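J.: Dropping the sequence and predicted coords here.
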Amino acid sequence: MSPQEKQIAPADTQTGWLLSRLSPRGQAIAQLARYDRPIGAWLLFWPCFWGTALASAELRSLPPLMPLLAFAIGALAMRGAGCTYNDIIDRNLDGQVARTALRPLPSGRVNLRAAWVFFGAQIFVGFLVLVSFQSLFMLALGIAALGLVAAYPFMKRITYWPQAWLGLTFNWGALMGYAAITDTLPPAAFALYAAGVFWTLGYDTIYAHQDKEDDALIGVKSTALLLGARTKPVLTLFYGASLACLALAAYAAQIGPLFWAALPIVGWHLLVQITRLDINKPEVCLQIFRANRNTGLIIAIAFVLGGF
């Protein structure tokens, strides 16, 4: 990464090359939506894929391409919208945290009005994706998620469990993915949703350990601060509950046996995260957090295999 890129890219950027090819205005807009850090879009997309694949596996078929493409576009748009909204609400707090001080709003590279306009544009793209499903049930389900999105930035101010709220928000796509195939939400869909919530509780607790010192100074709460040295055993409970809910979802949907052959691989991948974790090394926390892109992929493959 060039010196110029280092000035505009946060420490955890994954695509600094993208920023270097944009104008200063474009760089700031891209950072508002976290286009330079696509991990969040992946973590939002995978539950959508799981829901689509689980419902398809129940019908002994492969997940159709068009809903997955729509969910990919929707995940990119809504993750960007969520990050933009979060930055608007947290613009004063972000300036006090080393990792977020260079974000576009606290650094003054984007003004508040422009951020709101960009937020509205991304929400509109998400709305178009919802309409493309041509289902009133899907439309209502998608609109219902906006309440979770709107409340999330305030959770860290009032509870040590903002990661739980993020789990409820980020995994809503599991319900939508299932409904995209069946236009219904049976118990299997809610078991899958619960699996995603516990998964997010785990990986976002790991992520929050990067900011725990700054968070403690400015009064922001997180499960990282709450759990401290107990993080690893509690993380084992979170990931264990996620695995149990994945199994429950598969059992309720009565999908094929190949899913069960793949599920231990998911467990192994999560176990590796726990054993590698050092909560006092931010760079290790970031690496393990990013590894959850692959966790989501492995779970997706397991559900696809369940269709055979």
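T.: That came through, no problem.
J.: so what pLDDT did Pro38 get?
T.: On pLDDT, Pro38 comes in at 92.
J.: And Trp199, how close does it get to Pro153?
T.: Relative to Pro153, Trp199 is positioned 21 Å away (CB to CB, to the nearest Å). The C-beta positions use only the backbone N, C-alpha and C, and glycine is treated the same way.
J.: Compare these two (neighbour count), which wins?
T.: More neighbours surround Trp199 than the other of Trp199 and Pro153, with 29 against 18 (other CB atoms under 10 Å).
J.: Roughly how far does the more buried one sit from Gly219?
T.: For Trp199 relative to Gly219 (CB to CB), the value is 28 Å.
J.: May I ask which helix or strand of the protein has the lowest mean pLDDT?
T.: Least confident element among the helices and strands of the chain, by mean pLDDT, DSSP states H and E: helix 3-8 (a mean of 44).
J.: Which helix or strand contains Gly147?
T.: Assigned by DSSP states H and E, Gly147 falls within helix 136-158.
J.: which residues are contacting the very next helix or strand once past that helix?
T.: Counting by DSSP H and E, the next helix or strand C-terminal to helix 136-158 is helix 162-170. With contacts defined as CB atoms under 8 Å, 6 or more residues apart in numbering, helix 162-170 is touched by 43-44, 47, 82, 145, 148-149, 151-152, 155-156, 159, 196-201, 204-205, 208, 221-223.
J.: run the last query once more with 7 Å
T.: In this structure, residues lying in contact with helix 162-170 by CB atoms under 7 Å, 6 or more residues apart in numbering are 43-44, 148-149, 151-152, 155-156, 196-197, 200-201, 204-205, 208, 221-223.
J.: contacting residues around Ala53?
T.: Counting by CB under 7 Å, 6+ apart, Ala53 touches Pro63, Ala300, Phe303, Val304.
J.: Next, it: phi, psi?
T.: As for Ala53, its main-chain torsions (degrees, to the nearest 10) stand at phi -70, psi -40.
J.: I'd like the distance between Phe119 and Leu217.
T.: Plainly put, Phe119 is 28 Å away from Leu217 if you go by CB to CB.
J.: where does this protein dip in pLDDT?
T.: Counting by pLDDT under 70, the chain has low-confidence residues at 1-19.
J.: switch the cut-off to 90
T.: Scanning the chain for pLDDT under 90 picks out 1-28, 30, 36-37, 90-104, 106-108, 211-220.
J.: what's the longest helix in it?
T.: helix 65-89 (DSSP state H).
J.: Which positions within whichever helix or strand comes after that helix qualify as buried?
T.: Counting by DSSP H and E, the element after helix 65-89 in chain order, helix or strand, is helix 91-94. Buried residues in helix 91-94, counted by 16 or more other CB atoms under 10 Å: Arg91, Leu93, Asp94.
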